[in-house]
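>>> sequence and predicted model, in that order:
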Amino acid sequence: MANPKDPDRTFVRDGIFHLSLSNVRNQVQSPVRAKAGVADEKSPQTLANEDIFKHLRPGDASFYLTDEELDLIAFYDGLPGCHTFRYLMRKLEREIKRSKRYQRPCSVVMVGVDGLDAVEAQFGVLAVDSAVFSVIQFLLDVIRSEVDMAGRLADDRYILVLPETPGRGAAVFCERMSKLFTERQIKYNWHVLPISLSFGIAYYPGHGEDPRELIARADLACEFVQARGGRGYAFAPEG
């Protein structure tokens, strides 16, 4: 049962922008007030300038969130670099608009993790968590961090956005990822986990210009590969 004295985490998450703004304002305001020698009076102006989130963390200075922590909550899922699905969609929409304007290719790859159910049955949920973080770290290691984007859809589904990459280039990349992942061998308590990766590829302009349609088509192609045993890639059908 939740402690009624604990801060409302949902409220803090939803008000992440306002909390960040409040943190910055307080950092700037304190030196200015100290330099001006302003007394700490509870005047209407003073009350207006106080931290509006103070009631959420009475006497608990450790609850203060740094800019890095705010970014992790707002933009990333699991590890820095792996975006939340909502934020990835915003980035993909902008990338498709840019590709359309300058007539440049862009590919979307759905990455499916094969064998997570078997890992849970054989080794337990902690092994699944270990496998999930290992897959995220692997994807972040192989993509071009300054250009490509990775996002998490589910524990067994990840989305890669590859700007300036045509469909054939995405296929070559998937082949290389499959080989590298096999060589890496994901382990848990000295056991090699029986997981592999499957890839579904959709690309602009061949599969449309709606980001949701590109992701849906890539997901269908990934399901096709997994239905045939996994560990491979397939293109989404055009049309």
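Sure, I can see it.
>>> pLDDT averaged over the helix or strand where residue 128 lies - what is it?
Element membership for residue 128 (DSSP states H and E) is helix 125-142. Here helix 125-142 scores 93 as its mean pLDDT.
>>> in terms of secondary structure, what does that helix contact?
Helix 125-142 is packed against strand 79-83, strand 106-114, helix 116-123, strand 149-154, strand 157-163, helix 167-184, strand 187-188, with contacts defined by 3 or more Cβ pairs under 8 Å, 6 or more residues apart in numbering; DSSP states H and E. The way it works is simple: take the backbone N, C-alpha and C, and place the C-beta from them, glycine included.
>>> and the ones you listed: which comes nearest residue 194?
With Cβ to Cβ as the measure, helix 116-123 is the member of these nearest residue 194 (5.8 Å).
>>> just want the angle from the closest one to helix 125-142.
130 degrees (axes from the mean of the first three to the mean of the last three Cα atoms, to 10 degrees).
>>> and the helix holding residue 128, which residues are buried?
127-128, 130-132, 134-140, 142 (16 or more other Cβ atoms under 10 Å).
>>> can you check stretch 148-160 too?
For stretch 148-160, by 16+ other Cβ under 10 Å, it's 148, 149, 150, 151, 152, 153, 156, 157, 158, 159, 160.
>>> kindly report the same for stretch 195-214.
Residues 195-204, 206-208, 211, 214 are the ones in stretch 195-214 that count as buried (16+ other Cβ under 10 Å).
>>> can you get me a residue count around residue 114?
18 (other Cβ atoms under 10 Å).
>>> identify the bridge partners of it.
With DSSP bridges as the criterion, residue 114 is bridged to residue 196.
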